[in-house]
Every structure is written in C-alpha cells, then in structure tokens.
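Enquirer: sequence and predicted structure below; questions after.
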Amino acid sequence: MYTKGTFKEVIAMLSQLDQNTMKERAARQAADTVWNGARLGVGTGSTVKFFIDALGERKAAGLQLGAVVTTSSRSKAQLEGLGFTVSELADVEQLDLTVDGADRVDSHLDGIKGGGGALTLEKNVAVHSAHNTWIVDESKVVDHLGGFPLPVEVLPISAKQVYNQFEDEGLLPQFRTTATGERYVTHYGNYIIDLYIDPLPAPRGLATYLDSTVGVVEHGLFLGICDTVIIAREDGTIDVKKR
Ligand SMILES: O=C[C@H](O)[C@H](O)[C@H](O)COP(=O)(O)O
C-alpha cells in the first residue's frame with residue numbers, strides 16, 4: 001500500500017545523489033581550484049577519472065599547466081587523450097598541487113589509500129607536492145581509520161616471511177589477488193598484502209612499524225599528507241575541510 005511514510009521515503013531516496021554523481025561533484029570542484037601554470041599531480045581511481053574529465057574541459061577553455069605528473073597508466077592514457085603532456089615525477093623538480101582520491105579519510109585528514117594498488121607512486125607524488133587535495137564522496141569519511149583493508153606493497157623476495165610476520169602480529173594479512181585468482185602484481189613488480197585489522201589500532205604506530213619492516217616497499221597509510229579534502233554529500237552539499 002502507498003502510505004504517507006513510504007512516499008516520503010521515495011522522495012528522500014530520489015533526492016539523494018548516487019555515488020558517481022557525488023564523485024563527479026567533488027572532482028569538478030577540485031578542477032576549479034587548479035590555476036594557470038600549476039605543476040599538477042593527478043592521482044588514480046574512479047573519482048580522479050571525473051577530475052581528469054573536468055580538467056580537460058578547463059584545458060579546452062584555456063587552462064595551461066606548468067607540468068602534469070600522474071600515478072597510474074589509466075590516468076596517463078586519459079590525460080594524453082585530452083592533449084596533456086604527461087611527465088615522470090623524476091623529470092619534475094617539485095609539484096604545486098596534487099589531486100587524488102582516497103579510500104578512507106578521517107577528521108584529521110589522515111587516510112587510507114591504495115585500493116587500486118597505486119599507493120607507492122601516489123605517496124611519492126604526494127610528498128613532493130606543496131599541496132594535496134583529496135576528492136571523496138561521503139562514504140569514505142570515517143571517525144577512526146578503518147573500514148577498508150590497509151594495502152601494503154611488499155617485495156616478492158621476502159613476501160612469504162613478511163606475510164608470516166604480519167600474521168604473528170595479528171594484522172590479519174591476505175595477499176591481494178586478481179579477478180582470475182592470480183597474485184596481484186603492482187606496477188613495480190611487487191605484491192600487495194592487505195591488512196584486514198579493523199579499526200586500525202594507533203595508525204601512527206602501525207605506520208612506523210610498517211616503515212621499519214624489511215621487505216615493505218610502501219603502505220597505504222597517508223598520515224599528515226593531505227591538506228584539503230573535498231567531500232561531496234548525498235544531500236547535494238559539498239564540504240571543504242582543511243588541515
Ligand atoms: O590506489 C588507488 C588510489 O589510492 C585511489 O585514489 C583510491 O583507491 C580511491 O579510488 P576511487 O576514487 O576509485 O574510490
């Protein structure tokens with residue numbers, strides 16, 4: 001039966017933005033902040049795809065960038081398809097701004113990244129960028145970091161031993177696999193071990209532990225790196241939070 005209550009629920013449902021619309025709104029707002037001459041880092045993922053679309057529109061309207069560096073082959077192909085010249089990080093002295101997505105972000109603007117496996121280049125690009133903006137929909141925002149497996153990129157030569165060490169520490173490790181069941185291999189020929197411990201206990205302590213573990217190349221804890229996060233919400237509003 002069609003009651004007053006269910007009608008209100010339907011209206012509420014229709015007025016809530018879907019996740020892709022939220023991603024696009026956050027991405028477009030970030031694209032509007034890019035200035036002429038900026039040396040820009042461009043991240044990875046489905047939200048960044050919308051950012052690159054919007055950047056292409058700004059380029060068509062006259063935006064000229066000082067340099068563009070990106071963190072994945074997919075983003076690179078999209079940027080080049082829009083006429084951008086993409087440089088390697090090694091060929092650029094310093095970046096002014098990097099715009100990237102995130103898998104989780106907390107109220108301190110610390111986050112988890114690497115759901116797409118690009119964490120090592122993402123972190124290198126981010127730390128050599130004067131400003132870092134993350135673009136997210138509100139499903140990524142958490143009180144305490146967690147709710148998403150923490151990716152750790154490891155060297156194949158000692159991956160088994162590192163995995164065992166994580167297991168002994170109670171970090172609930174699992175090797176990432178592809179859709180066809182093979183072990184996932186990163187751009188740099190390494191493996192990813194996802195840690196399923198949730199919520200993450202003392203992220204700073206965990207980051208220090210991972211940073212000091214031989215065999216770990218990089219991990220997806222991005223602490224003190226992001227300075228602006230643009231959050232698109234279901235109700236159509238956008239929050240900009242700054243560190
Ligand atoms: O390795 C992947 C990156 O950290 C992405 O920025 C992150 O996974 C967010 O991706 P998406 O915008 O597709 O949720």
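Expert: All right, it came through fine.

Enquirer: all the helices of the protein, in order from the start?
Expert: With DSSP state H as the definition, the chain shows helices at residue ranges 4-15, 19-31, 46-60, 73-81, 119-127, 159-168, 203-211.

Enquirer: so which of the ones you listed gets nearest the ligand?
Expert: For those, the distance to the ligand is smallest for helix 46-60, at 3.3 Å, taking Cβ to the nearest ligand atom. C-betas here are computed from N, CA, C, even on glycine.

Enquirer: the nearest residue to residue 85 once chain neighbours are set aside: how many residues sit nearby?
Expert: In space, not counting the residues next to it along the chain, residue 85 is nearest to residue 68; the distance is 6.8 Å by Cβ to Cβ, 6 or more residues apart in numbering. Here the count is done by other Cβ atoms under 10 Å, and residue 68 has 22 residues near it.

Enquirer: now that residue 68 has come up, it's in contact with residue 80, right?
Expert: No - in this structure residue 68 lies outside contact range of residue 80 using Cβ atoms under 8 Å: 9.5 Å.

Enquirer: what touches both of these two?
Expert: Counting by Cβ atoms under 8 Å, 6 or more residues apart in numbering, the common neighbours of residue 68 and residue 80 are residue 86.

Enquirer: ok so, going back, let me have the helices of the chain in JSON lines, extended by mean neighbour count and mean pLDDT.
Expert: Output for the helices of the chain, formatted as JSON lines (neighbours: other Cβ atoms under 10 Å; pLDDT from 0 to 100):
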{"stretch": "helix 4-15", "mean neighbour count": "9", "mean pLDDT": "54"}
{"stretch": "helix 19-31", "mean neighbour count": "21", "mean pLDDT": "97"}
{"stretch": "helix 46-60", "mean neighbour count": "19", "mean pLDDT": "98"}
{"stretch": "helix 73-81", "mean neighbour count": "16", "mean pLDDT": "97"}
{"stretch": "helix 119-127", "mean neighbour count": "21", "mean pLDDT": "98"}
{"stretch": "helix 159-168", "mean neighbour count": "16", "mean pLDDT": "98"}
{"stretch": "helix 203-211", "mean neighbour count": "16", "mean pLDDT": "98"}
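
Enquirer: what does this protein have sitting close to the ligand?
Expert: By the rule Cβ under 6 Å from any ligand atom, the part of the chain lying against the ligand is 43-47, 100-103, 113-119, 122.

Enquirer: among these, which ones are buried?
Expert: Applying a neighbour-count criterion of 16 or more other Cβ atoms under 10 Å, the buried members of the residues of the chain next to the ligand are 43-45, 47, 100-103, 113-119, 122.
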